[in-house]
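Q: coordinates only, sequence not included:
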C-alpha cells in the first residue's frame, strides 16, 4: 500500500477520496454482482452536490450509508499484493467502473429532456495496482439493445506501466495515474455544476403565525441555511393576572382534553425501492 501513496502524491489532498468503503447504498448492477468495496475511490464532496440531487439520485450517486464520504464516484483503485491475483483486481475494477458509469450518466443527464442519450464516451476510470504493474481502464455506458432492456457497460484497457526496474518507468506510471485522476475530476466537476444549475427552484414556504420561519424543503446552496426563530406573539407571551393569582377561586380551571383514538397503529412505511436488474450480460467487454 505504500507504493499507492507514492503514486498518488501530495496533490491527493485536493481530490476527495475514501479507502475501503463498502458501496452499501448503491443499487446493484445485477443480481450476481458482489458488493463493491474499492481499496480507494475518488468522488466529490457531498456539499458540492445539491441536496435535492442527493435525495433524488441517492441510490445512483451516493455510494455509502456514511453520508460524509465522497459522492458521484468515477475513479477507482484496486490494489493487490505479491500473493494477490491480478484477474481478481480486474474483475473488481470492472464492477467499480460500471457503478461509476451509471453515477456519471445519471448526473450528466439529470433534468435533460433526452435523459436516455448515450454518447459512448468514458467518464469513469479505474486502476489496478500490483507490486510490479499499474494498469488503467476507461469505462463507458451504452444504450439498451432492445426496448425495456438494461444498458450495457464496457471496460477498455488504456495501457499498462511497469513500476520497475528504473525510476523512469515509475515516473511514467505516476504521470499516467495523476493525469487520469485529474481528467476524472474535470468531468465530474463539469457535470455536477450543470446538474446543480438544472435543479428547479423551490417556492418559498409561507411563514406561519408566531414568527417561526421554516427553511426550504431542499437546500440547493452549499452553505447551510439559518433557521430563524422570531418572537412569540403578544397573545402567547402575555400572562394574565388571573393565571398567577394566589386566590384559588380566581384561577381559571384547566379543561381536560381527551386524546383522539381514531388513529391507531404505526405510521405507514415508505414504499420500497423497486429496481429491475438484468441477471446476465450487464457487464461486457468491448
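A: Yep, it's here. Being a predicted model, the structure only gives us computed values, none of them experimental.
Q: helices of the stretch 51-200 of the chain, start to end?
A: 51-56, 58-61, 86-108, 167-197 (DSSP state H, counting those that start in this stretch).
Q: and the last one, what's buried?
A: If you call a residue buried by 16 or more other Cβ atoms under 10 Å, then helix 167-197 has these buried ones: 170, 173-174, 176-178, 180-181, 183-185, 187-188, 191-192, 195-196. Using the backbone N, CA and C atoms, a C-beta is placed for each residue, glycine as well.
Q: so which strand or helix has residue 4?
A: helix 2-8 (DSSP states H and E).
Q: report all helices and strands that that helix contacts.
A: Counting contacts by 3 or more Cβ pairs under 8 Å, 6 or more residues apart in numbering; DSSP states H and E, helix 2-8 is packed against strand 124-129, helix 167-197.
Q: contacts for the first one, please.
A: Contacts of strand 124-129 with the rest of the structure, by Cβ atoms under 8 Å, 6 or more residues apart in numbering, involve 3-4, 7, 74-80, 86, 89-90, 93-94, 96-97, 100-101, 103-104, 134-140, 155, 158, 177, 180-181, 183-184.
Q: for the record, mean pLDDT for that strand?
A: Mean pLDDT, computed over strand 124-129, is 98.
Q: over to stretch 154-170?
A: 93.
Q: contacts for it, please.
A: 3, 93-94, 97-98, 122, 125-126, 131-142, 172-173, 176, 180, 283-286.
Q: and those, which are buried?
A: 3, 93-94, 97-98, 122, 125-126, 134-141, 173, 176, 180, 283.
Q: so residue 19 makes contact with residue 40?
A: Yes - with contact defined as Cβ atoms under 8 Å, residue 19 reaches residue 40; the gap is 5.2 Å.
Q: who's more crowded, those two?
A: residue 40 (21 against 13; other Cβ atoms under 10 Å).
Q: quick one: residues contacting the closest residue to the more buried one other than its chain neighbours.
A: In space, residue 40 comes closest to residue 77 once its chain neighbours are excluded; the distance is 4.1 Å by Cβ to Cβ, 6 or more residues apart in numbering. Contacts for residue 77 (Cβ under 8 Å, 6+ apart) come out as 4, 38-41, 126-129.
Q: what about residue 101, distance to residue 124?
A: 5 Å (Cβ to Cβ, to the nearest Å).
Q: please say which of the two ends up with more neighbours.
A: residue 124 (29 against 25).
Q: how about the contacts made by the residue lying closest to that one once chain neighbours are set aside?
A: Excluding the flanking residues, the one nearest residue 124 by Cβ to Cβ, 6+ apart is residue 100, at 3.2 Å. Contacts of residue 100 were listed using Cβ under 8 Å, 6+ apart, and they are 73-76, 123-126, 139.
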